[in-house]
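Peer 1: Have a look at this prediction, sequence included:
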Amino acid sequence: MLLLASCGFQLQGTFSTPPEMERTYISANDNRSLFYRELREALRSAGVNLVDAESDATATFSILYDHTDQRVLSVSARNEPTEYAVFYTIEYTLDSGEKNLLVPQMLTLTRDYTYDPTLILGKEHEQQLLRDAIVDDLVRIVLKQIATL
């Protein structure tokens, strides 16, 4: 165990934050977005003290851009969509006072799914599940970047 600990090994899922994130404020234009809510929950679960005012914070995580949508990937011979791509794009930065811990980063993740007009409700549910999975992946990537600081 001592050997594993000394080489920097950490169990998957463990998350450590830099000391500057002792009290963190999340700045976002949309406090109801899926990414904002999931990031907030993940940071809170990791033991980060989230504050409601930027003046009380030792670090500010700024979500500069947060957008999700879908686009048509393919159409049938009758010009009806048969395949879509769901995507989620975020841009963020992490600052501590005058010190920039993370320069602005932009991430986009996509997932494809087939579309069948006879299964509209099921496909809408599939789209939402894909969007949720994308957000989980985005949060995981952001947390890994923070853990490397």
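Peer 2: That came in fine, so what should we check first?

Peer 1: going forward, measure contacts and count neighbours with C-alpha atoms only.
Peer 2: OK.

Peer 1: Check which residues of stretch 85-105 are buried.
Peer 2: The neighbour-count criterion (16 or more other Cα atoms under 10 Å) identifies 85-90, 92-96, 101 as the buried residues of stretch 85-105.

Peer 1: Tell me the one among those nearest to Tyr113.
Peer 2: Using Cα to Cα, Ala85 is the member of the buried residues of stretch 85-105 that lies nearest Tyr113, at 6.4 Å.

Peer 1: Whichever helix or strand Thr68 is part of: partners in the sheet, and parallel or antiparallel?
Peer 2: Under the assignment given by DSSP states H and E, the secondary-structure element containing Thr68 is strand 59-75. For strand 59-75, the paired strands and their directions (DSSP bridges) are strand 23-28 (parallel), strand 81-96 (antiparallel).

Peer 1: which helix of the chain spans the most residues?
Peer 2: Ranked by residue count under DSSP state H, the longest helix found in the chain is helix 120-147.

Peer 1: what about it, distance to the chain center?
Peer 2: What separates the centre of helix 120-147 from the centre of its chain is 8 Å, taken as Cα atoms, centre = their mean, to the nearest Å.

Peer 1: just checking, what packs against that helix?
Peer 2: Identification of packing neighbours for helix 120-147 by 3 or more Cα pairs under 8 Å, 6 or more residues apart in numbering; DSSP states H and E yields helix 34-45, strand 81-96, strand 99-114.

Peer 1: would you turn the ones you listed into TSV with distance to Thr148 and mean pLDDT?
Peer 2: TSV is the format used below for the helices and strands packed on helix 120-147 (distance: least, Cα to Cα, whole Å; pLDDT from 0 to 100):
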stretch	distance to Thr148	mean pLDDT
helix 34-45	15	96
strand 81-96	13	96
strand 99-114	10	96
